[in-house]
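Give me the fold of what follows.
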Amino acid sequence: MFAATQFSSSLRQKSNSTSMAASKVYLLFYNSVSALLWLRVLLAIVTSYSDPEIFTTVEPWTRWTQTLAVIEILHAATGITRAPVFTTFTQIFARSVQVWAINYSFPEVTASSPAYLAMLAAWSTADVVRYLYFAVLLTGAPVPRALKWLRYSLFLALYPIGIGSEWWLMYRATTVTTNLLVAGIFYFFLGLYAPGSVMMYRYMVKQRRKTLSN
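Numbering: from 1, shown residues only. Below is the predicted model:
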């Protein structure tokens, strides 16, 4: 019976080890692909920022790249990653609302606005660094100190730019929509930006202090 128990325990350990290895490979693939997708957005902004047709080019790409990130909520909820579920949901949900309910639905207020490109520049820069950081981490290789510093420092400037741009574009959408219900929902979200952004900023500052102090 003792031998059978040992055998069963060994099988469970092998199963857990295989599951962890598969999750690691999957996350490495996901983070690598996400880094490349956001790099595509960033390069489009850098090389074509003065192109009057840039919105038509970059909006669909950004929308679907951001939509792909919804899966990160499942990553957190199922324990594949150690990210807090609520924090992950808050950030992904806010961005999803932005790309679908604002940028896609009201191109007349986003296509010509400097805030749109500022928002995408902040998003793409932060996410290229973030996904690259996680990809390197998953390989088991030492993370370059510069990459680690960028991962936990860029947000100090990029978060205010991104959040401010999101707020402005949503506010502009309220001025052109003729649907009172939609306008009311947008105003509700606008009111949540202040406490929500403070919460996210404090969380990242805490993570920065904790990580860089090590």
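
Report the separation between the spatially closest residue to Trp123 that is not a sequence neighbour and Ala118.
The shortest distance from Trp123 to any non-neighbouring residue, by CB to CB, 6 or more residues apart in numbering, is to Gly162 (5.8 Å). The way it works is simple: take the backbone N, C-alpha and C, and place the C-beta from them, glycine included. Using CB to CB, to the nearest Å, Gly162 is found at 8 Å from Ala118.

Which strands and helices lie in contact with the helix or strand harbouring Ala146?
Counting by DSSP states H and E, the element that carries Ala146 is helix 145-151. Under the contact definition 3 or more CB pairs under 8 Å, 6 or more residues apart in numbering; DSSP states H and E, helix 145-151 sits against helix 114-139, helix 180-212.

hey, least reliable of the ones you listed by pLDDT?
Among the helices and strands packed on helix 145-151, helix 180-212 carries the lowest mean pLDDT, a mean of 94.

Could you check the pLDDT of the residue lying closest to Thr67 once chain neighbours are set aside?
With sequence-adjacent residues excluded and distances taken as CB to CB, 6+ apart, Thr67 is closest to Ser96, at 6.7 Å. pLDDT for Ser96: 97.

in the host helix or strand of Ser96, what's buried?
Assigned by DSSP H and E, Ser96 falls within helix 85-97. By neighbour count on 16 or more other CB atoms under 10 Å, the buried set for helix 85-97 is 88-92, 94-97.

so who does the closest residue to Ala111 other than its chain neighbours touch?
Sequence neighbours aside, Phe55 is the residue nearest to Ala111 in space, at 3.9 Å (criterion: CB to CB, 6+ apart). Phe55 is in contact with 107, 110-112, 116, counting by CB atoms under 8 Å, 6 or more residues apart in numbering.

Do you know the pLDDT at Phe55?
96.

what does Ser9 give?
Looking at Ser9, the pLDDT reads 52.

same deal with the one 3 residues further on?
Listed pLDDT for Arg12 reads 54.

Could you double-check that Leu190 sits in contact with Tyr171?
Yes - assessed by CB atoms under 8 Å, Leu190 is found in contact with Tyr171 at 6.1 Å.

Tell me the buried residues in whichever strand or helix holds Trp168?
Under the criterion of DSSP H and E, Trp168 resides in helix 155-176. Using 16+ other CB under 10 Å as the test for burial, helix 155-176 gives 155, 158-159, 161-174.

what do you get for stretch 206-214?
Here stretch 206-214 shows Arg208 as buried, counting by 16+ other CB under 10 Å.
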